[in-house]
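In: okay, sequence plus prediction incoming.
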Amino acid sequence: MIALKNIQTIAVVGAGTMGQGIAQICAMAGFKVILFDVRAENLTIAVEKIANNLLKGVELGKVSKDLKEQALNHIQTVTELKEVKADIAIEAIVEQLNVKQALFQSLEKINNSTCILASNTSSIPITQIAAALQRPENFVGMHFFNPAHIMKLVEIISGAATSPEVVKTVYGLAEKLGKKPVVAKDAPGFIVNRVARHYYVESLKVLEEGVSDVSGIDKLLEASGFKMGPFRLMDLIGVDTNFSVTSSMFNAFHQDSKFRPSRIQQQKVDAGHHGRKSGKGFYSYS
């Protein structure tokens, strides 16, 4: 099993919002980063957004110009999965069990037996994903929060077969990335998403019942002390991503009604109103 001191190359699979942030912090920490996506245009957008984040950091005096250039130079983009060879591979793709399992099966074949495979899944049990692998002891959950380059918390989730050494290494890696890791047991939603799910679900129920509108609910909860209202937060995270996580947890808890996905949110997803990233969600972003 690879030790923290021997990790030099980190692969990030998926160049969406989460993948961008994870790649950025890994590069800033001095690691060589292989950023993979099947679509070249996604990689171009990702690198542009990372560069803009770093530039903003320079303007705010939080990032030096040298660090900005070094971080960008540490990132290599690839569109061929066979090029994803690293000491640890962190997946940040769609929340679908079969898609994740197929990806990790391929990564397991491409990489050597010491490579750690980590998932940024928000809700799918780690044991369930690892069941498809030849070396489930190398598999672990490493759940970052959006925006990953700013939010400090990282959940480290151990599956039924995950090696304690892998958990220790990934915990240390999270610290090296400047994060605050917390070890969680393998349960649907882990800690944060299980607790926070009702912030969204109950707010959507209030909206469905016509108690108030989107803006009213957000204003009330922000006035109550929350930094961001549920609908503004869903737009930031991605309405589609949030809906996917809720659906996953609903099924994981055997259709417990308290996790029931919202019809309103389903409509938003069907219409392509995915939040800030699409220009429209519960609010419009022109």
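Out: Thanks, I have the structure now. Not measured: the values here are computed from a predicted model.
In: buried stuff in stretch 140-160?
Out: 140-146, 148-149, 154-159 (16 or more other C-beta atoms under 10 Å). No exception for glycine: its C-beta is placed from N, CA and C like everyone else's.
In: one more: stretch 160-169?
Out: Using 16+ other C-beta under 10 Å as the test for burial, stretch 160-169 gives 161-163, 166-167, 169.
In: farthest-separated two in the buried residues of stretch 140-160?
Out: Farthest-apart pair in the buried residues of stretch 140-160 is His149 and Gly159; separation 26.7 Å (C-beta to C-beta).
In: domain assignment for the chain?
Out: Per automatic domain parsing, the structural domains of the chain span 4-185, 192-278.
In: let's have those domains in CSV, adding mean pLDDT and distance to Ser284.
Out: Putting the domains of the chain into CSV (pLDDT from 0 to 100; distance: least, C-beta to C-beta, whole Å) gives the following:
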stretch, mean pLDDT, distance to Ser284
domain 4-185, 96, 19
domain 192-278, 95, 9
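In: generate CSV for those, with distance to Tyr285 as supplementary columns.
Out: Formatted as CSV, these follow (distance: least, C-beta to C-beta, whole Å):
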stretch, distance to Tyr285
domain 4-185, 14
domain 192-278, 5
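In: so which of those is nearest Ser286?
Out: Closest among those, using C-beta to C-beta: domain 192-278, at 11.3 Å.
In: need the distance between the two termini of the closest one.
Out: By C-alpha to C-alpha, to the nearest Å, the extent of domain 192-278 from end to end equals 25 Å.
In: so how far is it off the chain centroid?
Out: Offset of domain 192-278 from its chain centre (C-alpha atoms, centre = their mean, to the nearest Å): 17 Å.
In: what does stretch 133-145 give?
Out: Distance, centroid of stretch 133-145 to centroid of chain: 13 Å (C-alpha atoms, centre = their mean).
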